[in-house]
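J.: can't give you the sequence, but here's the structure:
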Ligand code: MV4
């Protein structure tokens, strides 16, 4: 087994990986930028090395600096976490060339899934259902018009090098197709250095359901159930849960088999996620594959009882998968809340600064994966994810009740967070019945804006004063309890 692993990441995910290393008797090596010198993950790692300026290109995205620390520290493997270099096939190759094991899939698998058109061609070959449309880049406006007419409007134009919502255009009217194609191609060129754009039939108000898969380096591949990720805003996920409230045992089996087929077509190894769009008739379509450990992996860990990071490390070390499909079952329900340093009352503007007080919940059925501590200053340079809180229970209702209880215990002073938003979501009738699609959060926020506008005329000031009092009351209660 590896003796020492370098973690090419920061924040809560670096802490998560350090914990797995500690449990497995492996030494952890952190790398950190100038603004992360005092971060929690730096304090928790066995070894820590500075790698440069806050700007990611100078530190967390810099191959040379990371590989130089890997050599100097005596690390044998590199875990990329999520984001940053985690889905970069050139980095995976550079690790191998320098003699370090990249904990993730091969560069070839990443390349195949990185191009959405290549992925669609391969899914077609493998018999995986995907959203109707083209499997090649659009050659001309005429070809695009002919294809769109065949598929039927509305259609979506997407960048082949995109994913995660960048470079998409919705076209409802044939008259708009040419200009949309023009715009999509130049945006794709600007954003990704590749103008290739393809077309898909548009699915109205889909759900986003994804299947966790896991494979060893000998072709053994299993699925670990699904996650429902429809509660999102601007392609930023806010909550995830497992299992999905709409997925039946039969549907889980069918989606799982398809996800394994997709992974095998990519000769996939290690942890991966196959994303599906699910329409209102519960038809599901392959959307894309994420070739990394995901932010929301804990909900799958809670309902399957597996530790995905342990498994990643073991499989990267050449072990065979220790589990078979028939050993895997989904039990209970888990819901994750992503705690961001942002202000829900000010258009979710980032809210960096010093955490002056931190009161963290715990107790039955609550897991927290956090990168923050009291007194730490949240830098503004990176993704504002501070922590994840995951509620678990025998049933979905139980998980919701536990999260509501834990939210009432949570207090983060000095900065704004989206914690108040979760109180509203967990009380919303559509959320409580599991009636959520990718438009749910936008609708909830639009309702809120209407309500706020109505109130502002009459008692806007009173409301603002009261919400400040709520914060103070919460802090007082805690201080009171301290004696
Ligand atoms: C779509 C779609 C509807 N029809 N494709 C957005 C992110 C990117 N990964 C794919 N996305 C979508 N693709 C077709 N043909 C709707 C979305 C979409 C979405 C997808 C997943 C999660 C949240 C979303 C929010 C808005 C739109």
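T.: On my side now, so go ahead. Remember, predicted model here, so these are calculated numbers, not experimental data. Numbers count the residues shown, from 1 in each chain.
J.: Who does the nearest residue to residue 323 once chain neighbours are set aside form a beta bridge with?
T.: Leaving aside its chain neighbours, residue 323 sits nearest to residue 222 (6.5 Å; criterion: Cβ to Cβ, 6 or more residues apart in numbering). Using the backbone N, CA and C atoms, a C-beta is placed for each residue, glycine as well. Residues in a beta bridge with residue 222, per DSSP bridges, are residue 214.
J.: Next, the contact list for residue 222, please.
T.: 213, 214, 215, 260, 321, 323, 324, 325, 328 (Cβ atoms under 8 Å, 6 or more residues apart in numbering).
J.: which one of those has the most neighbours?
T.: residue 214 (26 neighbours; other Cβ atoms under 10 Å).
J.: does that one really touch residue 269, like I thought?
T.: No. When contacts are counted by Cβ atoms under 8 Å, residue 214 is not listed as touching residue 269 (9.3 Å).
J.: Identify the contacts common to these two.
T.: residue 315.
J.: that older thread, could I get the pLDDT score of the residue nearest to residue 323?
T.: For residue 222, the pLDDT comes out at 98.
J.: do the same with the one 5 residues further on
T.: On the pLDDT scale, residue 227 is placed at 98.
J.: can you check residue 210 too?
T.: pLDDT for residue 210: 98.
J.: which SS class is it?
T.: strand (DSSP: H, G, I helix; E, B strand; the rest coil).
J.: Tell me the bridge partners for it.
T.: With DSSP bridges as the rule, residue 210 is bridged to residue 227, residue 275.
J.: Is it correct that it is in contact with residue 225?
T.: No. Counting by Cβ under 8 Å, residue 225 is not a contact partner of residue 210; they are 10.2 Å apart.
J.: Neighbour count: the two, which is higher?
T.: Neighbour totals were compared for residue 210 and residue 225, and residue 210 leads with 25 against 21 (other Cβ under 10 Å).
J.: quick one, what contacts that one?
T.: Residue 210 sits next to 226, 227, 229, 273, 274, 275, 276, 290, 294 when contact means Cβ under 8 Å, 6+ apart.
J.: What parts of the stretch 1-150 of the chain come near the ligand?
T.: Contact residues (Cβ under 6 Å from any ligand atom) of the stretch 1-150 of the chain with the ligand: residue 131.
J.: Please enumerate the strands of the stretch 1-150 of the chain.
T.: Ranges of strands in the stretch 1-150 of the chain, per DSSP state E, counting those that start in this stretch, are 4-7, 27-33, 47-52, 77-79, 101-102.
J.: just the helices in the stretch 101-250 of the chain please.
T.: Secondary structure of the stretch 101-250 of the chain (DSSP state H, counting those that start in this stretch): helices at 107-114, 116-126, 141-151, 177-192, 249-265.
J.: Check which residues of the longest one are buried.
T.: What it means is helix 249-265. 251, 252, 255, 256, 258, 259, 260, 261, 262, 263, 265 (16 or more other Cβ atoms under 10 Å).
J.: pLDDT averaged over that helix - what is it?
T.: Per-residue scores along helix 249-265 average to 98.
J.: what inclination does that helix have with respect to helix 107-114?
T.: 120 degrees (axes from the mean of the first three to the mean of the last three Cα atoms, to 10 degrees).
J.: which helices and strands sit right next to helix 249-265?
T.: If you count contacts as 3 or more Cβ pairs under 8 Å, 6 or more residues apart in numbering; DSSP states H and E, helix 249-265 packs onto helix 116-126, strand 207-215, strand 221-228, strand 270-278, strand 284-290.
J.: Could you dump the ones you listed into a markdown table and include distance to residue 109?
T.: Listed next are the helices and strands packed on helix 249-265 as a markdown table, based on distance: least, Cβ to Cβ, whole Å:
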| stretch | distance to residue 109 |
| --- | --- |
| helix 116-126 | 11 |
| strand 207-215 | 9 |
| strand 221-228 | 12 |
| strand 270-278 | 8 |
| strand 284-290 | 9 |
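J.: where does this protein have low pLDDT?
T.: For the chain, the stretches flagged by pLDDT under 70 are 456-483.
J.: If we use 50, what do you get?
T.: 472, 476, 478-483 (pLDDT under 50).
J.: Work out for me the element the most centrally placed residue in it sits within.
T.: Taking Cα atoms, centre = their mean, the centroid of the chain lies closest to residue 295, which sits 4.1 Å from it. Residue 295 belongs to no helix or strand when elements are defined using DSSP states H and E.
J.: I'd like to know how far it sits from the ligand.
T.: Here the criterion is Cβ to the nearest ligand atom, to the nearest Å. By it, residue 295 lies 14 Å from the ligand.
J.: Is it correct that that residue is in contact with residue 82?
T.: Yes. Using Cβ under 8 Å, residue 295 is in contact with residue 82, at 5.8 Å.
J.: Give the residues shared as contacts by the two.
T.: Joint contacts of residue 295 and residue 82 (Cβ under 8 Å, 6+ apart) are residue 13.
J.: which residues sit against stretch 394-407?
T.: Identification of contacts with stretch 394-407 by Cβ under 8 Å, 6+ apart yields 241, 245, 332-335, 337, 361-366, 389, 391-393, 419, 422-423, 426-427, 432, 434.
J.: Can I get the buried residues of helix 249-265 in JSON lines including distance to residue 27?
T.: Formatted as JSON lines, the buried residues of helix 249-265 follow (distance: Cβ to Cβ, whole Å):
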{"residue": "251", "distance to residue 27": "43"}
{"residue": "252", "distance to residue 27": "38"}
{"residue": "255", "distance to residue 27": "39"}
{"residue": "256", "distance to residue 27": "36"}
{"residue": "258", "distance to residue 27": "39"}
{"residue": "259", "distance to residue 27": "34"}
{"residue": "260", "distance to residue 27": "34"}
{"residue": "261", "distance to residue 27": "38"}
{"residue": "262", "distance to residue 27": "35"}
{"residue": "263", "distance to residue 27": "31"}
{"residue": "265", "distance to residue 27": "37"}
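J.: Nearest residue to the residue in the stretch 301-450 of the chain positioned nearest to the ligand in space, please, no chain neighbours.
T.: Closest residue of the stretch 301-450 of the chain to the ligand, Cβ to the nearest ligand atom: residue 438 (3.8 Å). In space, residue 438 comes closest to residue 230 once its chain neighbours are excluded; the distance is 5.1 Å by Cβ to Cβ, 6+ apart.
J.: Need phi/psi at the one you found.
T.: When read as degrees, to the nearest 10, the backbone of residue 230 gives phi -80, psi -20.
J.: tell me which parts of the stretch 251-400 of the chain are close to the ligand?
T.: Selection of the stretch 251-400 of the chain residues close to the ligand by Cβ under 6 Å from any ligand atom yields 277, 287, 288.
J.: hang on, the earlier thing: which of the helices of the stretch 101-250 of the chain has the highest mean neighbour count?
T.: Across these, averaging neighbours per residue (mean count of other Cβ atoms under 10 Å) puts helix 107-114 on top, at a mean of 21.
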